[in-house]
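Engineer: coords please:
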Amino acid sequence: MPFGAELRADGATRFRLWAPAARRVDLELAATAGRADLPMTPLPDGWYETVAHDAGAGSRYAFRIDDGIVVPDPASRSNPDDVDAPSMVVDPEAFEWQDDAWRGRRWEEAVLYELHVGSFTPEGSFVGVQSRLGHLADLGVTAIELMPLGEFPGRRNWGYDGVLPFAPDAAYGTPDDLKRLVQSAHARGIMVLVDVVYNHFGPQGNYLAAYAPGFFTRDRATPWGDAIDFRGGDRRPVREFFVHNALYWLEEFHVDGLRLDAVHAIFDASSPDILEEIAAAVREGPGRTRHVHLVLENHRNAAHRLGHGATRYDAQWNDDEHHALHVLLTGETDGYYADYAAAPLAQLGRCLAEGFAYQGEPSPCEDGAARGEPSAHLPPRCFVPFLQNHDQIGNRAFGERIASLAEPGALRAATEILLLAPQPPLLFMGEEWGTRTPFPYFCDFSGALAQAVSEGRRREFARFERFRDPAARATIPDPCAESTFLAAKLDWSELAHVEHAAWLQLYRRLLHLRRERVVPLFGETAVAGSYMPIGDAGLDVRWQRNGAPAYSLRANLGSRPLGARVPPAKATIYASPGVQPDAATLPPWSVVWSLDRAAG
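Structural biologist: Purely as a prediction, here's the structure:
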């Protein structure tokens with residue numbers, strides 16, 4: 001990397017910082033006899049560099065700007081004492097990898113499992129996650145997706161407030177702990193994806209504006225602060241910083257893919273833009289020799305970014321499908337769910353058959369502005385559906401799980417759709433045993449920022465009728481309180497309870513069926529989807545595969561029996577308990593998955 005600390009073959013370490021607004025930069029090294037300061041040589045285009053011969057792996061260092069503030073390395077590989085403390089030199093070649101034969105897995109095989117390292121296990125660490133890989137493998141998970149890892153302020157955070165995007169947060173363990181987790185996952189046939197944030201930096205511990213204000217543009221803003229300035233020219237180091245970050249996770253940690261957070265909050269009119277440049281660098285780099293997967297979160301439903309090609313992404317999280325299902329399961333139509341209040345059944349059908357529900361239609365929640373692009377031409381693998389994820393739980397005032405909001409029968413039917421549809425499903429930690437453990441927003445800010453975040457969290461819910469009363473808003477958990485974080489930790493003892501064991505058995509059965517019967521149907525075969533609502537609660541969806549039998553779904557997503565047309569002779573793949581697949585009536589909240597009889 002052109003940034004940060006690089007160990008050289010001669011035993012010296014090269015330190016480099018892009019600080020175009022600084023007049024002087026000194027390297028501060030922690031030495032046995034105190035502190036050593038080395039002036040850094042100014043180079044063209046705002047760079048500063050020096051070489052130290054007594055700063056090997058484990059050395060602590062920081063940069064002093066203009067004889068004033070002392071800052072950590074923005075490209076630090078490790079910051080053991082949090083975001084305001086010195087960085088640590090890391091030897092990226094020291095870890096002895098034993099996964100040379102691993103080439104990843106095809107995206108069509110993906111069953112994603114999103115988890116937060118700090119609350120997934122009692123240990124709250126990479127080691128803790130590693131200890132539960134057997135559970136995930138037995139469940140049928142083929143990919144874990146780690147919420148953002150970059151160093152954040154304090155001991156607890158969702159990860160989207162990170163400020164040192166190259167440094168795995170020390171609260172979770174060391175860089176080598178993360179490498180051992182990845183290696184162990186590969187040994188069990190499990191891919192590892194990392195969630196990365198390229199649209200903003202967190203509000204505490206970000207010193208870039210003091211010496212490299214070119215990282216940001218005040219022409220645009222995200223909901224979380226100034227937007228990153230990705231323009232070319234003198235901003236080229238900004239683009240390189242994030243391109244190298246993507247390659248860093250894939251190469252130094254052997255991860256199998258990245259999920260790029262909220263790319264609709266990235267503003268870049270360049271050609272190629274930063275998303276295209278990152279994709280091309282990945283495809284031309286680690287993606288040449290193994291399966292590497294790139295996934296977007298994008299409210300704009302920009303279908304042109306998905307599919308095959310050097311600058312395309314494998315898939316996008318499909319909020320549309322979640323929202324339509326959520327309205328059907330709960331009846332909630334507040335906030336963004338208003339866009340799905342009028343026709344959730346048809347929108348669910350469209351998501352299953354064509355990808356997005358909004359493909360250019362006006363969005364009531366956005367004052368009638370058009371949202372999305374046509375997506376029916378894309379294969380099902382380009383869309384990642386889910387019933388839960390960190391956002392859709394944590395965006396709620398109390399972080400309630402869907403298991404606390406929907407009737408068990410309704411939730412079961414939705415799960416039977418999610419796990420047997422052609423699209424690669426995403427689970428959120430604990431979902432597989434029907435946990436009701438909440439996942440509220442939590443952080444560990446200090447001082448005035450902590451108070452502002454706590455007050456702001458409660459204020460944002462004032463527009464909801466339920467929280468118009470200040471006394472009601474005061475019951476919303478304080479994001480900065482440790483108790484809010486502790487409430488989000490999974491309780492693994494729940495697995496011993498009959499109710500939770502039954503959910504786990506269902507998930508295991510469906511994911512086994514998915515692996516054995518569904519995944520083989522959808523490889524490189526072209527697929528044309530179609531859907532038809534039946535009354536107020538029935539849905540037929542069909543995926544016609546070129547030269548092959550069609551795969552189809554019949555569902556009753558209502559509380560009354562549904563009379564539905566009896567389909568032509570089919571081979572049943574799965575039917576909800578108590579359902580006769582060839583009957584003309586479907587019981588409440590039930591599904592039938594089938595394949596044309598011609599399949600044998």
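
Engineer: Read off the pLDDT value for Asp54.
Structural biologist: Note on Asp54: pLDDT of 88.

Engineer: Okay, Glu516 and Val384: tell me how far apart.
Structural biologist: As judged by C-beta to C-beta, to the nearest Å, Glu516 and Val384 stand 21 Å apart. (Each C-beta comes from the backbone N, C-alpha and C, glycine too.)

Engineer: Please say which of those two ends up with more neighbours.
Structural biologist: Set Glu516 next to Val384 and count neighbours by other C-beta atoms under 10 Å: Val384 wins out with 26 against 10.

Engineer: pretty sure the more buried one is touching Asp319, no?
Structural biologist: No - Val384 is not in contact with Asp319 according to C-beta atoms under 8 Å; the separation is 9.9 Å.

Engineer: looking at this protein, which helix or strand is least sure?
Structural biologist: None of the helices or strands of the chain scores lower by mean pLDDT, DSSP states H and E than strand 34-39, at a mean of 85.

Engineer: How far away from the center of its chain is it?
Structural biologist: 40 Å (C-alpha atoms, centre = their mean, to the nearest Å).

Engineer: And for the helix or strand where Leu181 lies, what's in contact with it?
Structural biologist: Assigned by DSSP states H and E, Leu181 falls within helix 175-187. Residues outside helix 175-187 that contact it (C-beta atoms under 8 Å, 6 or more residues apart in numbering): 77-78, 90, 94-95, 97-99, 102, 125-127, 129-130, 133, 144, 149, 168, 172, 191-192, 253-255.

Engineer: Pro168 and Val117, how far apart?
Structural biologist: From Pro168 to Val117 the distance is 9 Å (C-beta to C-beta).

Engineer: Mind listing the shared neighbours of the two?
Structural biologist: The contact lists of Pro168 and Val117 share Phe126, Leu149, where a contact means C-beta under 8 Å, 6+ apart.

Engineer: Narrow the contacts of helix 175-187 to those that are buried.
Structural biologist: With neighbours counted by 16 or more other C-beta atoms under 10 Å, the contacts of helix 175-187 contain buried members at 77-78, 90, 95, 102, 125-127, 129-130, 133, 144, 149, 168, 172, 191-192, 253-255.

Engineer: Just the ones in helices from those residues, please.
Structural biologist: Phe126, Val127, Val129, Gln130, Leu133 (DSSP state H).

Engineer: So which residues of the stretch 101-250 of the chain form helices?
Structural biologist: Here the stretch 101-250 of the chain has its helices, by DSSP state H, counting those that start in this stretch, at 117-120, 126-131, 133-139, 175-187, 208-211, 236-252.

Engineer: Can you tell me which of the ones you listed is most buried?
Structural biologist: Highest mean neighbour count among the helices of the stretch 101-250 of the chain (mean count of other C-beta atoms under 10 Å): helix 117-120, with a mean of 24.

Engineer: and it, what other elements does it pack with?
Structural biologist: When contacts are defined as 3 or more C-beta pairs under 8 Å, 6 or more residues apart in numbering; DSSP states H and E, helix 117-120 sits against helix 126-131.

Engineer: Dump the helix it packs on to PDB, restricted to CA.
Structural biologist: The C-alpha coordinates for helix 126-131 follow below in PDB (Å, rounded to 0.1, in the frame of the first residue of the first chain):
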ATOM      1  CA  PHE A 126     -13.100 -13.200  16.900                       C
ATOM      2  CA  VAL A 127     -12.200 -16.200  19.100                       C
ATOM      3  CA  GLY A 128     -15.800 -16.400  20.200                       C
ATOM      4  CA  VAL A 129     -17.100 -16.400  16.600                       C
ATOM      5  CA  GLN A 130     -14.600 -19.100  15.800                       C
ATOM      6  CA  SER A 131     -16.000 -21.300  18.600                       C
END
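
Engineer: Verify the stated contact: Glu431 with Leu387.
Structural biologist: Yes - assessed by C-beta under 8 Å, Glu431 is found in contact with Leu387 at 7.0 Å.

Engineer: Can you get me the start-to-end distance on stretch 370-390?
Structural biologist: Taking C-alpha to C-alpha, to the nearest Å, the first and last residues of stretch 370-390 lie 26 Å apart.

Engineer: Mind listing what's buried along it?
Structural biologist: Neighbour-count burial for stretch 370-390 [16+ other C-beta under 10 Å]: 371-373, 375, 378-390.

Engineer: Sort out for me which of these are in helices.
Structural biologist: His390.

Engineer: is it true that Tyr61 lies in a strand?
Structural biologist: Yes - per DSSP: H, G, I helix; E, B strand; the rest coil, Tyr61 lies within a strand segment.

Engineer: out of everything not next to it in sequence, what's closest to it?
Structural biologist: Counting by C-beta to C-beta, 6 or more residues apart in numbering, Leu29 is the residue found nearest to Tyr61 once chain neighbours are left out, at 5.3 Å.
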